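Peer 1: What would the 3D arrangement of this be:
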Amino acid sequence: MLLIASVVTLVIGFIVMGSGKDKPFDDPMKITIAPLIVLLGFAIGVVSILYTPKSKEEETTEE
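Peer 2: Below is the predicted model:
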C-alpha cells in the first residue's frame, strides 16, 4: 500500500515539475515545490521497502 502511495506521489511531483508550458523556467513551483514532492515520494518508497508489518501471532505472544 505504501509503495503505491510512493508511485502516485512521484507521478504527481513529476507532473508538477513539467507542467506550465506558459510559465517561466524559474517558477518557484517548478524549482522548489516539485522537487520536494519527488523527494517525499522516494522517501515513502524507501520506508515501504524497509517496513515489515507485525503478524498477528507476534502481537499475541508479546503480551
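Peer 1: hey, let's count contacts and neighbours off CA atoms from now on
Peer 2: Will do.
Peer 1: Now name the helix or strand holding the residue nearest the centre of the chain.
Peer 2: If you average the C-alpha coordinates of the chain and look for the closest C-alpha using C-alpha atoms, centre = their mean, you land on residue 41, 1.7 Å from that point. Element membership of residue 41 [criterion: DSSP states H and E] is helix 34-50.
Peer 1: Check which helices and strands that helix is in contact with.
Peer 2: Packing contacts for helix 34-50, counted by 3 or more C-alpha pairs under 8 Å, 6 or more residues apart in numbering; DSSP states H and E, involve helix 2-18.
Peer 1: what packs against the helix it packs on?
Peer 2: Helix 2-18 is packed against helix 34-50, with contacts defined by 3+ C-alpha pairs under 8 Å, 6+ apart.
Peer 1: Any stretches of the chain with poor pLDDT?
Peer 2: Screening the chain residue by residue with the criterion pLDDT under 70, one finds the ranges 58-63.
Peer 1: Swap in 80 and give it another go.
Peer 2: 20-26, 54-63 (pLDDT under 80).
Peer 1: All good on my end, thank you.
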